[in-house]
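**Q** got a predicted structure plus its sequence, pasted below:
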Amino acid sequence: MIPNPKTELPNWLQRPTPPTKIRRRYSRQFLAHNQRRLRHLLRRLAQPAPVVTSNWHLSAQAKLLRLGLMLGLIASVQSPSWLWLLGLMLGIQLMLLPPRQLRYFGRHWLLDCLVAGLVVLPSYWLAGPTTVLFFGLKTSLMLGQALHFRLTTPFAAILTGLKAWHCPNVIIMTLAIAMIYLRMLGQYLLQTTEAMDLRLVAPARHPYHLIGALFGNLYLKSYTYALELYAAMEARGFNGQYVKATATNRWRDYLAVSPSLLLMGLWLFGGHYFGIN
């Protein structure tokens with residue numbers, strides 16, 4: 001019986017395999033972190049924060065007028081006395097908020113003021129600490145007025161108020177579609193990141209290299225969805241015109257706007273005589 005010849009393995013199989021370092025999967029961490037952010041954003045878009053409801057109902061156009069007057073005054077005044085007076089008015093408005101909304105206002109207002117302070121801080125080396133403090137106070141008051149308006153006015157009421165003030169239909173349509181459109185694109189982006197996470201087996205490139213592919217697909221999807229949405233709106237008879245809201249100006253609206261109008265008139269015509277300009 002002829003013995004079988006000894007079989008030897010190829011050289012590339014006989015070489016010892018060096019231990020490979022296990023790379024951390026930054027791509028998975030990047031996708032998982034952004035998926036949590038997208039889910040949180042979609043939950044907020046699906047269930048927006050409730051607005052403050054009270055027995056003192058104001059129309060949307062009155063709230064918009066009061067907001068515009070207050071922001072114009074805060075941006076125009078150059079006296080600390082005026083800032084103190086406008087801050088006092090903001091404090092009176094905040095006293096009408098329930099405790100839960102007041103805590104929400106405090107947290108977000110402090111965060112917004114911190115970001116605004118970082119933006120205004122470089123002027124310290126140009127104009128000194130007095131200018132930084134003054135513009136910081138003005139910015140914080142403007143942010144407080146805007147946040148109070150957002151807490152007390154739903155998005156649909158803002159569109160109604162814009163229509164009552166004869167805002168162009170293009171702007172109203174853009175704002176109305178943007179809220180629905182943002183939710184649809186966020187949902188599509190979440191599905192895309194989940195699909196990429198399921199297909200990711202081998203170590204991938206740097207996670208930031210995925211941003212180009214994500215936003216490229218998102219742009220193509222948004223373009224296609226915009227065409228489909230416009231065709232669907234035309235098929236349902238939309239012609240770009242919105243129905244004008246019925247006028248509901250009551251004595252409460254005039255009473256709520258009268259302090260802002262009084263301060264605006266005082267600043268324009270009587271501030272020089274009273275020495276507070």
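**A** Received it, and whenever you're ready, just let me know what you need. What you see is a predicted model; the values in this text were computed from it and never measured. Numbers count the residues shown, from 1 in each chain.
**Q** and the lengthiest helix in the chain, what's buried?
**A** When the chain is parsed with DSSP state H, its longest helix is helix 169-199. Burial within helix 169-199, assessed by neighbour count using 16 or more other Cβ atoms under 10 Å, is assigned to I172, M173, A176, G186, Q187, L189, L190, T192, T193, M196. To be clear about C-beta, it is placed using only N, CA and C from the backbone, and glycine gets the same treatment.
**Q** which residue, other than its chain neighbours, is closest to the fifth one?
**A** If the residues on either side of it in the chain are set aside, Q187 comes closest to L42, at 6.2 Å by Cβ to Cβ, 6 or more residues apart in numbering.
**Q** and for the one you found, the neighbour number?
**A** Using other Cβ atoms under 10 Å, the number of residues around L42 comes to 16.
**Q** may I see the buried residues of the helix or strand encompassing it?
**A** According to DSSP states H and E, L42 maps onto helix 26-46. Buried residues in helix 26-46, counted by 16+ other Cβ under 10 Å: S27, F30, L31, N34, L38, L41, L42.
**Q** still on that earlier bit, the helix or strand following the longest helix of the chain vs helix 26-46, what angle?
**A** Going down the chain from helix 169-199, the next helix or strand is helix 210-235, by DSSP H and E. Relative orientation of helix 210-235 versus helix 26-46 (axes from the mean of the first three to the mean of the last three Cα atoms, to 10 degrees): 30 degrees.
**Q** so what's the closest residue to L182 other than its chain neighbours up against?
**A** Leaving aside its sequence neighbours, L182 sits nearest to L45 (Cβ to Cβ, 6+ apart; 6.7 Å). Going by Cβ atoms under 8 Å, 6 or more residues apart in numbering, L45 touches M179, L182, R183, G186.
**Q** make JSON lines from those and add distance to L268 to it.
**A** What follows is those, written out as JSON lines (distance: Cβ to Cβ, whole Å):
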{"residue": "M179", "distance to L268": "37"}
{"residue": "L182", "distance to L268": "39"}
{"residue": "R183", "distance to L268": "43"}
{"residue": "G186", "distance to L268": "45"}
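**Q** for those, which one is nearest V77?
**A** Nearest to V77 among the contacts of L45: M179, at 33.9 Å, using Cβ to Cβ.
**Q** tell me the pLDDT of that closest one.
**A** Note for M179: predicted pLDDT of 75.
**Q** could you do P122 as well?
**A** 81.
**Q** got it, and L73?
**A** 91.
**Q** repeat for M70
**A** Confidence score, pLDDT, at M70: 91.
**Q** and if you look at R66?
**A** pLDDT, read off for R66, is 90.
**Q** number of residues surrounding it?
**A** Neighbours of R66 (other Cβ under 10 Å): 22.
**Q** repeat for the one 5 residues further on
**A** By the measure other Cβ under 10 Å, the count of residues near L71 is 15.
**Q** quickly note the distance from I180 to G186.
**A** 11 Å (Cβ to Cβ, to the nearest Å).
**Q** return the distance of the helix or strand in which R100 is found from the chain's centre.
**A** Using DSSP H and E, R100 maps to helix 99-120. Counting by Cα atoms, centre = their mean, to the nearest Å, helix 99-120 is centred 14 Å from the centre of its parent chain.
**Q** helices or strands next to it in the packing?
**A** Counting contacts by 3 or more Cβ pairs under 8 Å, 6 or more residues apart in numbering; DSSP states H and E, helix 99-120 packs against helix 129-152.
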